[in-house]
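**Q** Generate coordinates for the sequence data below:
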Amino acid sequence: MTDSKYFTTTKKGEIFELKSELNSDKKEKKKEAVKKVIASMTVGKDVSALFPDVVNCMQTDNLELKKLVYLYLMNYAKSQPDMAIMAVNTFVKDCEDPNPLIRALAVRTMGCIRVDKITEYLCEPLRKCLKDEDPYVRKTAAICVAKLHDINASMVEDQGFLDQLKELLSDSNPMVVANAVASLTEINEASSSGQPLMELNAATMNKLLTALNECTEWGQVFILDALSQYSPKDEREAQSICERITPRLAHANAAVVLSAVKCLMKFMELMVSDSEFVKNLTKKLAPPLVTLLSSEPEVQYVALRNINLIVQKRPDLLKHEMKVFFVKYNDPIYVKLEKLDIMIRLASEANIVQVLSELKEYATEVDVDFVRKAVRAIGRCAIKVETSAERCVSTLLDLIQTKVNYVVQEAIVVIKDIFRKYPNKYESIISTLCENLDTLDEPEARASMIWIIGEYAERIDNADELLESFLEGFHDENTQVQLQLLTAIVKLFLKRPTDTQELVQQVLSLATQDSDNPDLRDRGFIYWRLLSTDPGAAKEVVLAEKPLIAEETDLIEPTLLDELICHIASLASVYHKPPSAFVEGRTGLRRALPKSSGGSDNDSAGDQQQQQQQPTVIPNQDSLIPDLLNMDINAPPVVPTAQSAFSGGTLDLLGGGLDSLLGGSGAEVGSSPAPGIPPVAPSSTAGLLGDIFGITSSSAPVYSPPKQIWLPANRGKGMEITGTFSRKNGVISMDLTLHNKAMQPITGFAIQLNKNSFGITPAAPLNVPAPLAPNQSIDVSLILSTSGPVQRMDPLTNLQVAIKNSVDVFYFATVMPMHIFFCEDGAMDKRVFLSTWKDIPSQNEVQFNIENINMNADGLSTTDGISNKLQSSNIFTIAKRNVEGQDMLYQSIKLTNGIWVLTELKVQPGNTTIVLSLKSRATDVAQGIFEAFDGILHF
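**A** Numbers count the residues shown, from 1 in each chain. As a prediction, the model looks like this:
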């Protein structure tokens, strides 16, 4: 007989009858009654009135009945906390039962009853169960610690359960180890301290790897996740761990496979990329990922989202597996779209013909969203693989001939991007595009067509008529179309001014007088002022040669990608967002891949090759500081004139135009600095205002660290180099002292700097006036610029230097002080400061103690003195306040690469320690900022 009888009853006074049955002397009748109670509870009936009667049934040896009563207790203990305490004695007694199943059941149930009054009684039984002789009880108790931590974290820490949990990592039973790892991981994620609870050393790792082979599949997932957070001490250890993890790739469970892939991806970062071991490992990683695509659609989608990340990090991993990602007719749309994305990432000269053939087929499907994405994919192929561009354009023209509306519109959008990548190459097809002008009704397609007409107006005879047709319904157009139409007509006017003057006046009037859109009005006024003030400058600006667009426009930012690789096999890898973005109140440690060991730092050829292999992201700016979410990537460089000086004499378009607007002569404003020498910036805005209004400001001496020996004489073959860095009036200098301790004169000095984190490069050659005679020394100052190539270094401000002279070439490395990258325009508005401080996540806040500050020293006796001293190094105090006798100073700093850092200084009168708290999107700069503060305040 089935259990369905418990769910069907037509009796009246059911609660009363159940009560009498629960108090029956017959065990069988009791059990039947409890089953009916559980059945009623399951379908949503309120049977809480039977609480005392059900609790009385706990005193039984029948395991099945005990399980049912415990199930009831878990459900109703929260609503009946006072009654639930009645059951505590039975729990405690059951925790000492000879039957391990009952002991485990008791401790599991106590952990599930989320009532504060009961948790204090749970401690002693739980302590005993964690040391129980039976592994089943121990593994259950391990999970119970995590449940108890969720209810009362301080109690778990005070009672020493965390230490007992760590001891279980050395347990002989693999399932106990797995559950201990799972529990510690759960507690670690919820911990507010941010410190890892598991001390992963070689001995612990060995135990975890041993347990990995013997525990259940979910136990393996927890252990692999813990292993992925370990940092091996060297490449050999990383290889050893990889060899022991590799068999997990053949597991039937997709979660185990992806967790193993995550570990291997992380440890591969520690190995030389072209080593034999990495090549073999790469070959082993591909088949299990391909196998995951044979699963049901939901698992396929998760696998594809993870593969998308893996392919971005290591494109070579699946380069021979293109066919696996070809779309099947019965794939759900979400799988189709994801496969399409990966196909583009894997597209190369070797397989482009095959890929284009597939994409052309997809463009004839019935699913509109999929067809649109397929057409866009053809355009992306053209941009990514130059040799296929002509074939792609031909395919797009064939699709336009089908006259299917949405296909035509998508094709025009991607053809616009192809024109941006290959200017003056495929303009012969413009006439075909113009034939479809009337069918365009989507804003993006209309804007793309208008851009094409404006960009190639000189080749289209009736360009003015075409643009005028759009102008008729200007106010009804989407903002994107209006903006593009404004720019296109201005371009047309600059190319054919005689017959389009009326048209440009009409569009400028519509944009500036009849429109409410601020973007449109601003652009209209800018064009109007440019055209009326200096048409020549307008032509240089509007018709300037534009940079070509890059291959991949949707790659994940490298730092975020590294973090997501560490979260493979979790929701973060499906959402492509860090856990902090969607888990409320998450304070766990931010994960990141270890620093890659890719051979010699000085191997510039290897660097170039690596850069060529990695796809670039629009815009093409290799910024190395992580998490540049707050940075406007398209912003101009910090010192525009310095940048132009290095780019080969770029024309200053507003040099004369600005002067004529202001009524000046234009002689000085238009002049540019000497090539290679950055312009001198004012020390601060306050200083300028002081000069204007006759206010004298108290100036503090500019901080510069003392010189250190960078190249000792024994390594420099008699030449000793000491040096430091300084920043004065916006100019960064490397201040060197060259001392000749050799027996012969030294001549022919030259210097070269390797790629570095901040793009530091010489702005002029190293100028040593005369041969350096024996036992003589000379001071030389080398002006530096931040316009050089960027490559992340470790530590962040590390600088590798090569100095050549008549004797030899000498290499050394030094660490640049962070303060030389503090810009003079780093003073932030108070409101902006407040909103930015709130926007930056709390886990990005780092705190340091600046010790042994002499508060009686000159300039440090008051907060104003501290502010002045810091401001001399471009650390700007935004606000001050006093909280409970402590002075709080809030400062802003802007680095030369556009990163903003916000700081708070806590100054206690009479205390020699100042507390520095700082927030930034890029927490990697925190240590350097602290060292800068420490140096400046001790100066």
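
**Q** okay, CA-based contacts and neighbour counts for the rest of this
**A** Noted.

**Q** Could you pull out the buried residues of stretch 743-757?
**A** Within stretch 743-757, the residues scored as buried using 16 or more other Cα atoms under 10 Å are Pro745, Ile746, Thr747, Phe749, Ile751, Leu753, Asn754, Lys755, Asn756, Ser757.

**Q** where does Arg727 land in three-state SS?
**A** strand (DSSP: H, G, I helix; E, B strand; the rest coil).

**Q** Now do the contacts for it.
**A** Ser704, Ser733, His819, Ile820, Ser873 (Cα atoms under 8 Å, 6 or more residues apart in numbering).

**Q** which residues does it form a beta bridge with?
**A** With DSSP bridges as the criterion, Arg727 is bridged to Ile732.

**Q** so where's the stretch 251-400 of the chain uncertain?
**A** Within the stretch 251-400 of the chain, no range satisfies pLDDT under 70.

**Q** which residues in it form helices?
**A** 254-268, 276-292, 297-313, 333-346, 352-362, 368-384, 389-401 (DSSP state H, counting those that start in this stretch).

**Q** who wins for proximity to Val47 among those?
**A** helix 297-313 (38.7 Å; Cα to Cα).

**Q** Show residues contacting that closest one.
**A** Applying Cα under 8 Å, 6+ apart, the contact partners of helix 297-313 are 254, 258, 289, 292-294, 317-318, 331-332, 334-335, 338-339, 341-342, 345-346, 555, 561-562, 564-565, 568-569, 573-574, 576.

**Q** can you pull the buried residues of that helix?
**A** 300-313.

**Q** Can you give the distance from stretch 279-298 to the centre of its chain?
**A** The chain centre lies 26 Å from the centre of stretch 279-298; the measure is Cα atoms, centre = their mean, to the nearest Å.

**Q** For the residue nearest to the spatial centre of the chain, grab phi and psi.
**A** Nearest to the geometric centre of the chain sits Leu560, at 2.5 Å (Cα atoms, centre = their mean). Here is the backbone geometry of Leu560 (degrees, to the nearest 10): phi -70, psi -40.

**Q** just checking, it touches Pro579?
**A** No: shown here, Leu560 and Pro579 do not form a contact pair, counting by Cα atoms under 8 Å, at 11.0 Å.

**Q** can you tell me the helix or strand for the residue lying closest to Ile400 once chain neighbours are set aside?
**A** Spatially, and ignoring its direct neighbours in sequence, Ile400 is nearest to Val408 (4.9 Å; Cα to Cα, 6 or more residues apart in numbering). Here Val408, judged by DSSP states H and E, is contained in helix 405-421.

**Q** Only alpha carbons, please: show that helix as CSV.
**A** The C-alpha atoms that make up helix 405-421 are tabulated as CSV, following Å, rounded to 0.1, in the frame of the first residue of the first chain:
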residue,chain,number,x,y,z
ASN,A,405,13.8,43.8,-43.6
TYR,A,406,15.6,42.8,-40.3
VAL,A,407,18.4,41.1,-42.2
VAL,A,408,19.0,44.2,-44.4
GLN,A,409,19.1,46.5,-41.3
GLU,A,410,21.6,44.3,-39.4
ALA,A,411,23.8,44.0,-42.5
ILE,A,412,24.0,47.8,-42.9
VAL,A,413,25.0,48.1,-39.2
VAL,A,414,27.9,45.7,-39.6
ILE,A,415,29.0,47.1,-43.0
LYS,A,416,29.4,50.4,-41.2
ASP,A,417,31.9,48.7,-38.8
ILE,A,418,33.7,47.1,-41.8
PHE,A,419,34.1,50.6,-43.3
ARG,A,420,35.5,51.8,-40.0
LYS,A,421,38.0,48.9,-40.0
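
**Q** re the thing from before, in a markdown table: the helices of the stretch 251-400 of the chain, plus distance to Tyr527.
**A** What follows is the helices of the stretch 251-400 of the chain, written out as a markdown table (distance: least, Cα to Cα, whole Å):
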| stretch | distance to Tyr527 |
| --- | --- |
| helix 254-268 | 51 |
| helix 276-292 | 54 |
| helix 297-313 | 41 |
| helix 333-346 | 39 |
| helix 352-362 | 41 |
| helix 368-384 | 31 |
| helix 389-401 | 34 |
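
**Q** ranking those by burial, who's on top?
**A** Among the helices of the stretch 251-400 of the chain, helix 254-268 has the highest mean neighbour count (mean count of other Cα atoms under 10 Å), at a mean of 25.

**Q** other SSEs contacting that one?
**A** If you count contacts as 3 or more Cα pairs under 8 Å, 6 or more residues apart in numbering; DSSP states H and E, helix 254-268 packs onto helix 217-227, helix 235-245, helix 276-292, helix 558-565.
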